[in-house]
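Enquirer: pasting a predicted model and its sequence here:
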2 protein chains.
Amino acid sequence: MTDSPGAAAAGDAGQRLTKRERLVAAAHQLVYQQGIERTTIADIAQAADVPVGNVYYYFKAKDEIIAAVIDAHVKQVESVIASISQRYRTPKSRLKALVDALAGQADLVARYGCPNGTLCAEQDKRVSAADPSAAQLMRIPIDWAAEQFRAMGRPDAADLAIDLIAAYQGGAQLTQALGDPGLLVRQGQRIERWIDSLDQQQD
Amino acid sequence: MTDSPGAAAAGDAGQRLTKRERLVAAAHQLVYQQGIERTTIADIAQAADVPVGNVYYYFKAKDEIIAAVIDAHVKQVESVIASISQRYRTPKSRLKALVDALAGQADLVARYGCPNGTLCAEQDKRVSAADPSAAQLMRIPIDWAAEQFRAMGRPDAADLAIDLIAAYQGGAQLTQALGDPGLLVRQGQRIERWIDSLDQQQD
């Protein structure tokens, strides 16, 4: 985004955009590793190499940075799903590609949990309710998976989509709790076998 | 524990035990509702009706209170499982009773997530690794479920136990993220149908 013609022509505005993006990227990583509450504005400023006093030029409060981090996560989920939809043609190969992509992060998940799942869980506890932006992190893959199951002719597509995303999220949760990346790899293989088995079991 | 003969005879020591228990119970509830990081020692002292200066008489630091909270969760899990094992005789009815007990908390889960799952996720992010005490919260039900599946004659008992607990934990995570208690109720029903179907599918 910073190297678009518009940004290049904008001069100072272009530079401000770059610093803002650096702050969001730093917050994104720190929040994943330490959680929202432990991550201070000073931590974020230091990791982004932005003077701490400048942060308030871009964000009025920490909650605004967190909203930008959630937004960055949503864009990442949309981009992974768009890329899978483009590269794979059949619904089964698409669903399995999503499982592959998720299980491919097993080492990170064993240390810090699912980036999207743990972000939702912490944010929802902070606001004592389901945060509608964070909810998109689950809603988008569920809706996309349901679309694939419908394309496979399954009348129970909506339930299967919940089963699929729940199996991954639960697997990620156990992987983090037990610190065992192999658990997520094996869970991914079982989910893929389950996807393969769905033709036969039209229940 | 406070009304055991030993505690009654201890006088002041018995009272100290009661205050300590009040602090742990208050921390237990606040941590579930707000998360570990947001819960301060002052919050805990106030909720337990104990002068804040007294807290350090029982716990050297907040981390010691959190360890006691995790321990209380572990005892709760052990007690639920012991009670199910005693009340139900067949492995299938035991597994379904566990799913019932978990899905019965749907309203709370929609608001604050699974008490054990969210505690593990936050604690593991705080210590940047799987906390061995928190891991027990997942290990105990997994091992118990594997025992039930073995009693059903399933050679894949260990995998099925992971599938079962992951399906619940993932369902709880989606329930919290989407703020929808009905999701956990329906997920519980699907898990119970899956348990019922396991006799036929010896794969």
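Expert: Sure thing, it's come through. Residues are numbered from 1 along each chain as shown, chains lettered A, B, ... in the order given.
Enquirer: and A:A42, how far from chain B?
Expert: Remark: distance between A:A42 and chain B (C-beta to the nearest C-beta, to the nearest Å) = 16 Å. Where C-beta positions appear, they are placed from N, C-alpha and C, glycine not excepted.
Enquirer: thought A:V50 was touching that residue, still the case?
Expert: No: taking C-beta atoms under 8 Å as the contact criterion, A:A42 and A:V50 are not neighbours in contact, 10.8 Å apart.
Enquirer: who's more crowded, these two?
Expert: Neighbour count, other C-beta atoms under 10 Å in any protein chain shown: between A:A42 and A:V50, A:V50 has more, with 18 against 10.
Enquirer: look up how far A:I41 lies from that one.
Expert: Counting by C-beta to C-beta, to the nearest Å, the gap between A:V50 and A:I41 amounts to 10 Å.
Enquirer: same check, this time on A:E21
Expert: Shown here: A:E21 relative to A:I41, a distance of 16 Å by C-beta to C-beta.
Enquirer: swap in A:A134?
Expert: 20 Å.
Enquirer: which of those two has more neighbours?
Expert: For A:A134 versus A:I41, neighbours defined as other C-beta under 10 Å are more numerous around A:A134 (27 against 16).
Enquirer: how about the helix or strand containing that one: buried residues?
Expert: Using DSSP states H and E, A:A134 falls within helix A:132-151. Under the neighbour-count criterion of 16 or more other C-beta atoms under 10 Å in any protein chain shown, helix A:132-151 has A:134-142, A:144-146, A:148-150 buried.
Enquirer: which strands and helices sit next to it?
Expert: For helix A:132-151, the helices and strands in contact under the criterion 3 or more C-beta pairs under 8 Å, 6 or more residues apart in numbering or on different chains; DSSP states H and E are helix A:62-87, helix A:91-103, helix A:115-127, helix A:157-178, helix B:157-178.
Enquirer: of those, which is nearest B:Q123?
Expert: Comparison of these against B:Q123 by C-beta to C-beta identifies helix A:157-178 as nearest, at 9.1 Å.
Enquirer: do any residues in that closest one lie close to chain B?
Expert: Yes: when contact is scored as C-beta under 8 Å from any C-beta of the partner chain, part of helix A:157-178 falls within range of chain B: A:159, A:162-163, A:165-171, A:173-174, A:176-178.
Enquirer: of all those residues, which comes closest to A:Q34?
Expert: For these, the residue nearest A:Q34 by C-beta to C-beta is A:Q176; the value is 14.0 Å.
Enquirer: just give the number of residues close to the closest one.
Expert: Number of residues near A:Q176 (other C-beta under 10 Å) recorded here: 31.
Enquirer: for it, which non-adjacent residue is spatially closest?
Expert: Using C-beta to C-beta, 6 or more residues apart in numbering or on different chains and skipping the chain neighbours, the partner closest in space to A:Q176 is A:G113 (3.9 Å).
Enquirer: pLDDT score for that neighbour?
Expert: With respect to pLDDT, A:G113 scores 96.
Enquirer: and what of A:D199?
Expert: According to the per-residue confidence, A:D199 scores 75 in pLDDT.
Enquirer: looking at the buried residues of helix A:132-151, which one is closest to B:D107?
Expert: Using C-beta to C-beta, A:A135 is the member of the buried residues of helix A:132-151 that lies nearest B:D107, at 17.4 Å.
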